[in-house]
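>>> Give me a 3D structure for the following:
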Amino acid sequence: MIHYRRWCYLPHPQPQPFCHLSAWHRQGRKEDLSADAQIVLNNMRNEFHELSEAYMFKETLRGIYREAKDEYDAGFAFGNWCNMANLTNVDELKTMARTITKRLKGLVTFWKYDGISNSHMEGFNNKLKLLSRKAFGFRDKEYFK
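Have a look, this model is predicted:
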């Protein structure tokens, strides 16, 4: 969202694929980037300050999952993350901070139950929904099986 909003306000027609082709630099794990990719990422962070802030907050969230030892550490770290996000001028980060605050109890259960999550069940449910959408219009129930 941030890069589209920022792209609209550029003074000259910047080719839109710039944002799409470089998305993997922002979304990838910092430790997996090659030296050239890190240079591109640093250049983008210097040019687009909101993207730079969002990238740093993404890395901080990854750090919470990597470093927190228990639910109390995680809750404290998420609280600090939300407080810092609310101090920025990026509306998307503020929205995410509100969402994290609202769902904090569910987030910290990941540490309470030793890293167990429902991600596999969510993935399976998404596949069922996709199959249901693709099968829309078939009249025979046998095709749906």
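>>> Now do the SS call for the most centrally placed residue in the chain.
Nearest residue to the geometric centre of the chain (C-alpha atoms, centre = their mean): Lys58, 6.7 Å. Secondary structure, DSSP: H, G, I helix; E, B strand; the rest coil: Lys58 is helix.
>>> From Asp91, how far off is it?
16 Å (C-beta to C-beta, to the nearest Å). C-beta: built from backbone N, CA, C; applies to glycine.
>>> again, but for Cys82
14 Å.
>>> Ok, Ile116 next?
Counting by C-beta to C-beta - Ile116 and Asp91 are separated by 33 Å.
>>> again, but for Asp36
Counting by C-beta to C-beta - Asp36 and Asp91 are separated by 32 Å.
>>> for Ser117, same thing?
To Asp91, Ser117 is 28 Å away according to C-beta to C-beta.
>>> Over to Asn46?
22 Å.
>>> Comparing the two, which shows the higher neighbour count?
Ranked by neighbour count (other C-beta atoms under 10 Å), Asn46 and Asp91 place Asp91 first, with 12 against 9.
>>> residues contacting that one?
For Asp91, no contacting residues are found, by C-beta atoms under 8 Å, 6 or more residues apart in numbering.
>>> Got phi/psi on it?
The phi/psi pair for Asp91 (degrees, to the nearest 10) reads phi -60, psi -40.
>>> What does the pLDDT read for it?
For Asp91, the model assigns a pLDDT of 91.
>>> Which helix or which strand is home to Met44?
helix 35-47 (DSSP states H and E).
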